[in-house]
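Asks: what's the 3D shape of this:
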Amino acid sequence: NALDDAVKEVMTAKLPYTENFNLMDGRLVICAIAVGVAMFALLWDFLNPFPKSRPVLIGCVASYFLLMGVLTLYTTFKEKGIFVVVMQKDPAGLDPDSTWEAASNMKKYDDVYELSLSYTDGKTKAKRETTIKKSVGDFIDENGVICQDIIEPLVLKLHQSLASGKKDK
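Replies: Numbering: from 1, shown residues only. Model (predicted):
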C-alpha cells in the first residue's frame, strides 16, 4: 500500500542502507518454478494430445497445487508482512552486515496501521523490534495524499530507538 511505499522510501533513500531483495527473490523463485511446471504441461499436452498426456498433466497439476501451498506458507511464515529489508554495512568491514526489516499489518475494515521495525545485529544475531500503531488518517491530508513529512520523522524515531539499543513502544 501507499504507506508501505512511503516507509520504504525513508528506509532506502533517507538512511545509508542498501536494499536486500532475497526475501522477495524467494517468492519469485517459487512462482517461476510453478510457471515452468505449467508451461511444461502445456507443451507436453500440445505434443501428446490429451488421452496420451493424462498422467503427465495430473503430475503437473499436482505439482502446481503443491507449489502454491509452499508459496502460501512462505508468504505467511517467512515474509510475515515484511515489505522492505535493508542491510547496514559494518563501518570497519570486518563484521557481517546488520539487517533492518520493516513490516506492516492492517486488519480488514480497520483504520489502524501497525508498523514494525526490527533490527538484527550482524555480529551477535541479537534481534530488537519496535512497533507503532496509528490511524491511517494521521498520515494523509484532506485530499487523500500521503504526507511524507509526517511519516519520515516517525520512521526515523523508530529507527533511532532501535539503533541506540533501547526499546521504544
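
Asks: Let's verify residue 103: helix, strand, or coil?
Replies: strand (DSSP: H, G, I helix; E, B strand; the rest coil).

Asks: Correct me if wrong: it contacts residue 130.
Replies: No. Counting by C-beta atoms under 8 Å, residue 103 sits too far from residue 130 to count as a contact (11.4 Å). C-betas here are computed from N, CA, C, even on glycine.

Asks: so what's in contact with those two at the same time?
Replies: Taking C-beta atoms under 8 Å, 6 or more residues apart in numbering as the contact rule, the neighbours common to residue 103 and residue 130 are 116, 118.

Asks: Name the residues of the top helix by length along the chain that come out as buried.
Replies: If you go by DSSP state H, the chain has its longest helix at helix 22-47. Buried residues in helix 22-47, counted by 16 or more other C-beta atoms under 10 Å: 23, 30, 34, 37, 41, 45.

Asks: again, but for stretch 141-156
Replies: For stretch 141-156, by 16+ other C-beta under 10 Å, it's 146, 151, 152, 154, 155.
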